[in-house]
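[1] sequence first, then the predicted structure, then my questions.
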Amino acid sequence: MVILRKTFNKTMIKILYSLKLNILFRFVINTFKRNYVTILIYHSIGKPINQEKSYLSISIEDFEKQMRYLKENYNLLSLNKATQILLTKGTFPKNSIVITFDDGYKDNFNNALPILNKYDIPATIFLATNFISKNPFYLSWGDIQKMKNKIDFGSHTCSHKILTNLTTKESTKEIINSKKEIEEIIKKKVYSFAYPMGSKENFNDEIKKIVAKSGFLCACSSIHGTNNAKMDLFELKRKFVIERDINLFAYNLLF
């Protein structure tokens, strides 16, 4: 019964999108849900590092389809621009989307960057700095130097340890040292942070205060949702992209 329901849902979504009703859906949602921004989470673009992490990967072909769809139908903002709008209680362009990547995988440089450049789409990559230049599956500092004029970089701690499992001293070190290391390499201020794992139990008010005091202007969680002018800047919601089918991707952006 569950399989039949899922098949029916997918079929209906394809029919609706083939009829271009996604335009109507966006109009209706914008009527009731004004002045908000959706932040998307990607990880790896290309072949999965291993089978256990296959859910983190989107194929190059699917990623390009998604970026083309976003470019044609949404307003693509940098995270820094979205943060400034939130800080000033400003107004977002309709259908605003921000692209982010967590962890700093090597394929972000090899596979994602050429597509982002092709469609002139801004993005932020959150780096877990202990892995940079030390693991072939992750970016090198040389890659980051080449990307820094096209891509913004944020902190994802040093070791990607869950901060609520650490002492205050340990979590402070993870947050501050990663920021300093990235800034030393790219010669720019780092204003954005992403909590490792990012679920509600992976950070708390004390950790949010440490992030704020460390000089960040915002912090992203992995809590599903969109963001409006009333959002806590240190608990921004994001949507994890797992859809391969472009129709499902387009549909899930609406909710």
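    It's in.

[2] where along the stretch 101-250 of the chain do the strands fall?
    Secondary structure of the stretch 101-250 of the chain (DSSP state E, counting those that start in this stretch): strands located at 124-127, 152-155, 192-194, 218-220, 227-228, 239-240.

[3] what about the fifth one, average pLDDT?
    The reference is to strand 227-228. Summarised as a single mean, pLDDT over strand 227-228 is 96.

[4] output the contacting helices and strands for that strand.
    Using 3 or more Cβ pairs under 8 Å, 6 or more residues apart in numbering; DSSP states H and E as the contact criterion, the neighbours of strand 227-228 among helices and strands are strand 36-42. (Glycine included, C-beta is placed from N, CA and C.)

[5] which elements pack onto the strand it packs on?
    The criterion is 3+ Cβ pairs under 8 Å, 6+ apart, and the helices and strands that strand 36-42 contacts are helix 79-87, strand 96-103, strand 227-228, strand 239-240.

[6] just so I know, which of those lies nearest E183?
    Proximity to E183 (Cβ to Cβ) singles out helix 79-87 among the helices and strands packed on strand 36-42, at 14.4 Å.

[7] chain center to the closest one, what's the gap?
    Taking Cα atoms, centre = their mean, to the nearest Å, the mean C-alpha location of helix 79-87 is offset from the chain mean by 14 Å.

[8] how near is the closest residue to P122 other than its chain neighbours to K150?
    In this structure, P122 finds its nearest non-sequential neighbour in S78, 3.8 Å apart by Cβ to Cβ, 6 or more residues apart in numbering. The gap separating S78 from K150 is 11 Å, by Cβ to Cβ, to the nearest Å.
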